[in-house]
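Colleague: Pasted the sequence and its predicted model underneath.
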Amino acid sequence: MYRTLKYIRRFLAVAVGGIILLYFIDFTQWLPDRLHSLLHLQIVPALMSGMVGILVLHLVLALLVGRIYCSVLCPLGILQDFIYRIKIWYKRIAKKQKDLRLKYTKPLDILRYSVLGATAISFLIFGGGLLVLWLDPYSNFGRLVTALVKPVAVWGNNIIASVANDMGNYSFYNVSLYTFSWTLLISSSILLIVLIVMVWRRQRLWCNTICPAGALLSLLSKYSLIRVSIDDSKCVHCRKCTQTCKSRCIEDKQYHVDTSRCVSCYNCLTVCKYDAIGLAVDGWKRKSKGVVPKKQVEAATDRQADTPQGPGQEFIQAPAQGANVSRNLFLKGSAAALAAIPMAAWALPTGLQKRTLNARPPGAVDNFGEKCTACQLCANRCPMQVIKPAFMENGFTGMMQPYLYFQPHCYCNYECTICSDVCPNGALEHMTVEQKKIRQIGIVNFVVDECIVKSENQDCGACAEHCPTGAVEMVPYQNGLTIPEIEPNICIGCGACESICPVRPRAIFIEGLRPQGVADAPHIQEATETVIDDFGF
């Protein structure tokens, strides 16, 4: 039964993680947008968007079966399991299986609950903010996929398309990636390195020290109704359960399982030959807090002396330096992340007209800076690829949060609401197409001295041709030329005019609005009925 339960857990984890991964890298927009509902099951997005029902569901699950969220629904947790699986394969190939025998380590409660407390204070005072942005496991996974996996997928697609096209097969086509960001690449690479080191050294160290979602669930999972328990009458201290526990929370010497750190992976349930470990309904009470009576310890010691030494017997004592190593890893990772800030400064876009504010995606709420955790889902799903992660364009507190970066072929589609539809955090207000058409995300500005009509005495008019609301019109200028004239009250800030402007810095550009407003109805000429009673020539 336990083996079946373990494989069901693994199947669900692979299914959930695979769907989320494909949804982020789907550059063909093949997957339906309604799959975004799966992302609403994440704890931090549910908290940010005020989905109380989802939060209650997670809390009830934690009280019933422990931290099953960390092993089945959390994409960053699934990624850590994948990294650890790579380590297992490597050690087996290198014939270093002894390195896979894990050891019990003491919990770093001060660190993990300090991080949880700081995150909670940030949320209660600011409604979110930079701390939540950097620690949310779902958003970290989204940034990793966006920066490291999706570019590789696009690159591979383009190679296949080139080869197929040369062979006369046009089923594949080249895809451009306009949302690539060096800032996101550098920060995500550092995060991945830190994550790999943590997993390689201490498996689920991130989940049990840094992740606020894991710390929150641990407060309830320690009182879970169904938990992993050790039967002291059957245990022979072979330590196989301890050696397979990736959370390092099983201390078989004292028959203790730290359920606050157990992520309900069920790997330990299938390795015991004596049926000494399994799932038990312990009610709302705990048999012990990791401390057993002295007589019971002595009895266990005598039993161990009479028991043949099993594999991995030398791994009895927990390393004394475990807490220090964990703290050092955390400090080194934080220092590396901070070091990435000056390294990415050169990645700021150039050749743009200076503006006070950048436009945010349509539907941005008034407290967008606190609600948005920079998961990059809106940028990945945007068919026009106009949404890009910021470095310092939105200020220090807006790092990695999306803004609209207008360039050729990249502007906000007049009838598109995908970004507001898929946002799981409530940072983008859901809108209908009709509401989107008058949502004013920015105001058009025109610098007449930069316009090619005045500076080079050439005809243009590209901005007016691309404006969907008529906010930019061409009026007579001189020498038979026409020049743009703007009407800001009907401009929605879509950036179609800025994206097509041929001069640098651009003569026409969008200034973002905080908060976003509502534009006047666009000027649409009514169609006149023409009666044709003869040929037109």
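Modeller: Happy to help now that I have it. Residues are numbered from 1 along each chain as shown.

Colleague: Does residue 493 belong to a helix, a strand or coil?
Modeller: coil (DSSP: H, G, I helix; E, B strand; the rest coil).

Colleague: ok, and the closest non-adjacent residue to it?
Modeller: residue 442 (2.6 Å; Cβ to Cβ, 6 or more residues apart in numbering). To be clear about C-beta, it is placed using only N, CA and C from the backbone, and glycine gets the same treatment.

Colleague: now the host helix or strand of that neighbour, how far from the centre of its chain.
Modeller: Here residue 442, judged by DSSP states H and E, is contained in strand 439-446. How far strand 439-446 lies from its chain's middle: 29 Å, per Cα atoms, centre = their mean, to the nearest Å.

Colleague: quick one: average pLDDT of the next helix or strand after it?
Modeller: Next helix or strand after strand 439-446 toward the C-terminus (DSSP H and E): helix 452-455. Helix 452-455 carries an average pLDDT of 89.

Colleague: buried stuff in helix 452-455?
Modeller: Buried residues in helix 452-455, counted by 16 or more other Cβ atoms under 10 Å: 452-454.

Colleague: That one - contacts with which helices or strands?
Modeller: strand 482-486 (3 or more Cβ pairs under 8 Å, 6 or more residues apart in numbering; DSSP states H and E).

Colleague: Neighbouring strands of the strand it packs on in the sheet, and parallel or not?
Modeller: strand 472-476 (antiparallel) (DSSP bridges).

Colleague: Buried residues in the strand it pairs with, which are they?
Modeller: Buried-residue list, strand 472-476, by 16+ other Cβ under 10 Å: 472, 474.

Colleague: Run through who's touching that strand.
Modeller: 444, 446, 461, 463-464, 482-487, 491, 497, 508 (Cβ atoms under 8 Å, 6 or more residues apart in numbering).

Colleague: Just the buried ones from those?
Modeller: 444, 446, 463-464, 482-484, 486-487, 491, 497, 508.

Colleague: can you name the two of those that are farthest apart?
Modeller: Spanning the widest gap among those are 482 and 491, at 18.9 Å by Cβ to Cβ.

Colleague: For the spatially most central residue of the chain, give me its contacts.
Modeller: Central residue of the chain (Cα atoms, centre = their mean): residue 139, 2.2 Å from the mean position. Taking Cβ under 8 Å, 6+ apart, we find residue 139 in contact with 44, 133, 373-376.

Colleague: same thing with residue 68?
Modeller: Residues in contact with residue 68 (Cβ under 8 Å, 6+ apart) are 9, 61-62, 263-264.

Colleague: Surely residue 100 touches residue 246?
Modeller: No - in terms of Cβ atoms under 8 Å, residue 100 does not count as a neighbour of residue 246; the distance is 10.3 Å.

Colleague: hmm, back to that, and which of the buried ones among the contacts of strand 472-476 is nearest residue 184?
Modeller: Using Cβ to Cβ, those come closest to residue 184 at residue 497, 27.3 Å.

Colleague: Pretty sure residue 112 sits against residue 207.
Modeller: No - applying Cβ under 8 Å, one finds residue 112 not in contact with residue 207, separated by 9.2 Å.

Colleague: Could you pull out the residues contacting both of the two?
Modeller: residue 214.

Colleague: of the two, who's got more company?
Modeller: residue 207 (28 against 22; other Cβ atoms under 10 Å).

Colleague: In space, what's closest to the more buried one - neighbours in sequence excluded?
Modeller: Computed as Cβ to Cβ, 6+ apart, the closest residue to residue 207 that is not its neighbour in sequence is residue 214, at 4.3 Å.

Colleague: Strands of the stretch 301-450 of the chain, start to end?
Modeller: Shown for the stretch 301-450 of the chain, the strands assigned by DSSP state E, counting those that start in this stretch span residues 387-389, 402-404, 439-446.

Colleague: Of the ones you listed, which is nearest residue 48?
Modeller: Nearest of the strands of the stretch 301-450 of the chain (Cβ to Cβ): strand 402-404, 14.9 Å.

Colleague: doesn't residue 278 fall inside a strand?
Modeller: Yes - checked against three-state DSSP, residue 278 lies within a strand.

Colleague: need the buried residues of helix 452-455 in JSON lines with distance to residue 32, can you?
Modeller: Below are these laid out as JSON lines (distance: Cβ to Cβ, whole Å):
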{"residue": "452", "distance to residue 32": "43"}
{"residue": "453", "distance to residue 32": "45"}
{"residue": "454", "distance to residue 32": "48"}
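
Colleague: Name the spans of the stretch 51-200 of the chain whose pLDDT lies under the cut-off.
Modeller: Along the stretch 51-200 of the chain, segments meeting pLDDT under 70 span 127-128.

Colleague: what are the ranges of the helices in it?
Modeller: Here the stretch 51-200 of the chain has its helices, by DSSP state H, counting those that start in this stretch, at 52-65, 68-72, 75-93, 109-126, 130-135, 137-144, 150-166, 182-202.

Colleague: between those helices, which gets nearest to residue 21?
Modeller: helix 75-93 (7.4 Å).

Colleague: Next one, pLDDT for the nearest residue to residue 404 once chain neighbours are set aside please.
Modeller: In space, and not counting its chain neighbours, residue 404 is closest to residue 359: 4.3 Å by Cβ to Cβ, 6+ apart. We have a pLDDT of 90 for residue 359.

Colleague: Contacts only, for the closest residue to residue 65 other than its chain neighbours.
Modeller: In space, and not counting its chain neighbours, residue 65 is closest to residue 226: 5.1 Å by Cβ to Cβ, 6+ apart. By Cβ under 8 Å, 6+ apart, the residues touching residue 226 are 64-66, 279-282.

Colleague: what does residue 373 give?
Modeller: So residue 373 contacts 44-45, 48, 128, 132-133, 136, 138-139, 425, 427 (Cβ under 8 Å, 6+ apart).

Colleague: got JSON lines for those, with distance to residue 159 too?
Modeller: JSON lines is the format used below for these (distance: Cβ to Cβ, whole Å):
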{"residue": "44", "distance to residue 159": "36"}
{"residue": "45", "distance to residue 159": "35"}
{"residue": "48", "distance to residue 159": "39"}
{"residue": "128", "distance to residue 159": "40"}
{"residue": "132", "distance to residue 159": "38"}
{"residue": "133", "distance to residue 159": "34"}
{"residue": "136", "distance to residue 159": "34"}
{"residue": "138", "distance to residue 159": "31"}
{"residue": "139", "distance to residue 159": "30"}
{"residue": "425", "distance to residue 159": "35"}
{"residue": "427", "distance to residue 159": "36"}
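
Colleague: Of the contacts of residue 226 - the most surrounded one?
Modeller: That'd be residue 66 among the contacts of residue 226, by other Cβ under 10 Å, with 29 neighbours.

Colleague: And it, how far from residue 84?
Modeller: Going from residue 66 to residue 84 by Cβ to Cβ, to the nearest Å gives 19 Å.

Colleague: Just checking: what are the partner strands of the longest strand seen in the chain?
Modeller: Identified as the longest strand of the chain according to DSSP state E is strand 508-518. Neighbouring strands of strand 508-518 in its sheet, by DSSP bridges, are strand 439-446 (antiparallel).

Colleague: For the strand it pairs with, give me every contacting residue.
Modeller: Contact partners of strand 439-446, identified using Cβ under 8 Å, 6+ apart, comprise 353, 355, 359-364, 404, 412, 431, 471-472, 484-486, 488, 491-495, 497, 507-513, 516-519.

Colleague: which of those are buried?
Modeller: 353, 359-364, 404, 412, 431, 471-472, 484, 486, 488, 491-495, 497, 507-513, 516, 519.

Colleague: so the nearest residue to residue 136 once chain neighbours are set aside, which of the three states?
Modeller: Setting aside the residues directly before and after it, residue 136 is nearest to residue 44 in space (Cβ to Cβ, 6+ apart), at 4.2 Å. Classification of residue 44 using three-state DSSP returns helix.

Colleague: give me every residue that touches residue 44.
Modeller: For residue 44, the contact set (Cβ under 8 Å, 6+ apart) comprises 132, 136-139, 212-213, 373, 425.
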